[in-house]
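Peer 1: task: produce atomic coordinates for the following.
(chains A, B and C)
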Amino acid sequence: MNSLESEGVQQFLRDYADCLDQDRLEEWPEFFAEDGCYLVLSRENLALALPAPIIYHYSKGMLIDRVTAIRDALTYEPVYTRHIISNATVKQSAPGGCTARSNYSIYQTTLEGRTRLFGVGEYQDEIVLSANGPRFAKRTVIVDTFAIHNLLAVPL
Amino acid sequence: MNSLESEGVQQFLRDYADCLDQDRLEEWPEFFAEDGCYLVLSRENLALALPAPIIYHYSKGMLIDRVTAIRDALTYEPVYTRHIISNATVKQSAPGGCTARSNYSIYQTTLEGRTRLFGVGEYQDEIVLSANGPRFAKRTVIVDTFAIHNLLAVPL
Amino acid sequence: MNSLESEGVQQFLRDYADCLDQDRLEEWPEFFAEDGCYLVLSRENLALALPAPIIYHYSKGMLIDRVTAIRDALTYEPVYTRHIISNATVKQSAPGGCTARSNYSIYQTTLEGRTRLFGVGEYQDEIVLSANGPRFAKRTVIVDTFAIHNLLAVPL
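Peer 2: Numbers count the residues shown, from 1 in each chain, chains lettered A, B, ... in the order given. Below you'll find the model as predicted:
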């Protein structure tokens, strides 16, 4: 994997965070391959080798359904989101593919301008390099923080 | 924009944060072009298309005045500042210029060693590449967190 | 220092954080040269030119002893750790060596999934580029946050 491809993947990881921070939810499924998976696991379950996911979507169609549900059905306190991403490491796994891991801390701010830490954790990614750019074959979110009330409402 | 220029801009963004964290306020105006602008906007006002800035300085002279005011006139609790910058994306806009955006979280620590989150938000930048290195033609700080008591006292 | 070497050092800084986050403490001394130093200083003492370190280990053997003490002797609440590293700047200092600085914010999460900010601060590093890769000749941790109860228990 040359440095240009590696930088392209790093930019892809940043674009994903920006998409969510800017509430462009409708674009979120586009970061995934057609049969891409999105999983959320608690770190404690992972450590105990109990990898029952909190959330498991295994196709782009399920992600699109999720966005529709959020936009149409769910009601929750409106907040602004801010992702801080660090420690991104990208490694080639096979021709046309790579793995990545990175840490996140996510903040939510109410409309009154009060900010709280929403949670910290880790992304573990399997990425395919398609003609249209990188796409997630599998994005696993390991959440350290799971004592949070609206975890299921928003993509991480 | 080649990768060397891009890395130079990324370093410039880091140097800005380090300057503020190290309380070298007198150097802060030097990050701006002579007619450079420094704006602080609340995210809520931006979302409502009410872009009335909280702060608007439109020349390096105004920034120098600001530093003088902070050093000579303002009294506030002394704190140490720490900037965490992430998601920095740099794009060429025109020959000799580029745009950038990045996220920040800023912490303040009292002299007793107690740390609080000061705020999170985003930088949106217009940068000129001068003979002396990059300079801000316009740095806009979008603050998510505005329920804070000493926002006006310190540059972000 | 070419960009490949610089990226190698940046990766080394990320690997250090990952090692601690993944509780691979036994590997922690391996990031240091045989006569490598590990110091923890409070930012306040540094500002007052009172550089009495909170912690000062000046050989890899002392670091190994430290790990043994943590594993065998200390008892403290088990937590998950998460490092957010940013603003990493790497500069060549001499042939075969470089200096680096970076900011950190560290979070701890209890087994119940509740997260608290453990502290923020800065790394100041002297690094040697050995045949086996980069190693710390000296890693100084400047802690902004020192009003914390278990600072001595874990490497930062």
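Peer 1: how near is A:V128 to chain B?
Peer 2: As judged by C-beta to the nearest C-beta, to the nearest Å, A:V128 and chain B stand 22 Å apart. No exception for glycine: its C-beta is placed from N, CA and C like everyone else's.
Peer 1: the one helix or strand that residue maps to to strand B:115-130, inter-axis angle?
Peer 2: Element membership for A:V128, per DSSP states H and E: strand A:115-130. Interaxial angle of strand A:115-130 relative to strand B:115-130 (axes from the mean of the first three to the mean of the last three C-alpha atoms, to 10 degrees): 50 degrees.
Peer 1: who are the packing partners of strand A:115-130?
Peer 2: Contact partners of strand A:115-130 among helices and strands, from 3 or more C-beta pairs under 8 Å, 6 or more residues apart in numbering or on different chains; DSSP states H and E: helix A:3-21, strand A:97-110, strand A:133-143, strand B:115-130, strand C:79-94, strand C:97-110, strand C:115-130.
Peer 1: okay, buried residues for the longest one please.
Peer 2: Okay, so that is helix A:3-21. A:6, A:9-10, A:12-14, A:16-21 (16 or more other C-beta atoms under 10 Å in any protein chain shown).
Peer 1: what residues does chain A have near chain B?
Peer 2: A:3, A:7, A:11, A:14-15, A:17-18, A:21, A:80, A:82-86, A:105, A:107, A:109, A:111-115, A:117 (C-beta under 8 Å from any C-beta of the partner chain).
Peer 1: need the outlier residue of chain A, farthest from its centre.
Peer 2: A:E112 (26.3 Å; C-alpha atoms, centre = their mean).
Peer 1: so A:R24 versus chain C, what's the distance?
Peer 2: For A:R24 relative to chain C (C-beta to the nearest C-beta), the value is 24 Å.
Peer 1: tell me if the lowest-mean-pLDDT helix or strand in chain A is near chain C.
Peer 2: Ranked by mean pLDDT, DSSP states H and E, the weakest helix or strand in chain A is helix A:43-47, scoring a mean of 83. Yes - Helix A:43-47 comes into contact with chain C (C-beta under 8 Å from any C-beta), by way of A:43-44.
Peer 1: next structured bit after that helix?
Peer 2: Once helix A:43-47 ends, the next helix or strand along the chain (criterion: DSSP H and E) is strand A:55-57.
Peer 1: A:G36 contacts A:S59, correct?
Peer 2: Yes - assessed by C-beta atoms under 8 Å, A:G36 is found in contact with A:S59 at 7.3 Å.
Peer 1: between those two, who's got more neighbours?
Peer 2: A:G36 (22 against 16; other C-beta atoms under 10 Å in any protein chain shown).
Peer 1: residues of stretch A:131-143 that come out buried?
Peer 2: For stretch A:131-143, using 16+ other C-beta under 10 Å, the buried residues are A:134-143.
Peer 1: for stretch A:97-104, that is, sorry about that
Peer 2: A:98-104.
Peer 1: the closest residue to A:G133 other than its chain neighbours: what's it in contact with?
Peer 2: Nearest residue to A:G133, sequence neighbours excluded (C-beta to C-beta, 6 or more residues apart in numbering or on different chains): A:F12, at 6.7 Å. Contact analysis of A:F12 by C-beta atoms under 8 Å, 6 or more residues apart in numbering or on different chains lists A:31, A:127, A:133-134.
Peer 1: list just the nearest of the residues you listed to B:A73.
Peer 2: Of all the contacts of A:F12, B:A73 sits closest to A:F31, with 49.1 Å by C-beta to C-beta.
Peer 1: beta partners for the residue lying closest to A:L156 once chain neighbours are set aside?
Peer 2: Distances taken as C-beta to C-beta, 6+ apart put A:V141 closest to A:L156, at 4.7 Å, once the chain neighbours are dropped. Note on A:V141: beta-bridge partners A:V40, A:Y123, judged by DSSP bridges.
Peer 1: what's the pLDDT at A:V141?
Peer 2: You'll see A:V141 listed with a pLDDT of 95.
Peer 1: contacting residues around it?
Peer 2: Residues near A:V141 by C-beta under 8 Å, 6+ apart: A:38-41, A:121-123, A:156.
Peer 1: so, low pLDDT: which residues of chain A?
Peer 2: Scanning chain A for pLDDT under 70 picks out the ranges A:74-75, A:148-152.
Peer 1: around chain C, which positions in it sit nearby?
Peer 2: So chain A meets chain C at A:3, A:42-44, A:84, A:86-89, A:101, A:103, A:105, A:117, A:119-122, A:143-148 (C-beta under 8 Å from any C-beta).
Peer 1: A:I55 is nearest to which of the helices and strands packed on strand A:115-130?
Peer 2: A:I55 lies closest to strand A:133-143 among the helices and strands packed on strand A:115-130, at 8.2 Å (C-beta to C-beta).
Peer 1: quick one: distance of that closest one to the chain centre.
Peer 2: 6 Å (C-alpha atoms, centre = their mean, to the nearest Å).
Peer 1: before we move on, the earlier item: could you dump the buried residues of helix A:3-21 into TSV and include distance to A:R66?
Peer 2: Formatted as TSV, the buried residues of helix A:3-21 follow (distance: C-beta to C-beta, whole Å):
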residue	distance to A:R66
A:S6	30
A:V9	24
A:Q10	26
A:F12	20
A:L13	20
A:R14	22
A:Y16	15
A:A17	18
A:D18	19
A:C19	14
A:L20	13
A:D21	18
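Peer 1: out of those residues, which comes closest to chain B?
Peer 2: Distance to chain B across the buried residues of helix A:3-21 (C-beta to the nearest C-beta) is lowest for A:R14, with 4.7 Å.
Peer 1: name the nearest residue to the closest one, sequence neighbours excluded.
Peer 2: Distances taken as C-beta to C-beta, 6+ apart place B:N87 nearest to A:R14, at 4.7 Å, with adjacent residues excluded.
Peer 1: ok, the one you found touching A:D15?
Peer 2: No - B:N87 lies out of contact with A:D15 (C-beta under 8 Å); the separation is 9.1 Å.
Peer 1: okay, now the nearest residue to A:I54 once chain neighbours are set aside: neighbour count?
Peer 2: Once flanking residues are discounted, A:I54 sits nearest to A:V40: 4.5 Å by C-beta to C-beta, 6+ apart. Look at A:V40: counted by other C-beta under 10 Å, it has 20 neighbours.
Peer 1: next: the one 10 residues further on.
Peer 2: When neighbours are counted by other C-beta under 10 Å, A:L50 registers 10.
Peer 1: who touches the closest residue to A:T81 other than its chain neighbours in this structure?
Peer 2: Nearest residue to A:T81 in three dimensions, chain neighbours excluded: A:D21, at 5.3 Å (C-beta to C-beta, 6+ apart). The contact partners of A:D21, by C-beta under 8 Å, 6+ apart, come to A:80-83, B:103, B:122.
Peer 1: pick the one among the contacts of A:V141 closest to A:R66.
Peer 2: In terms of C-beta to C-beta, no member of these lies closer to A:R66 than A:Y38, at 8.5 Å.
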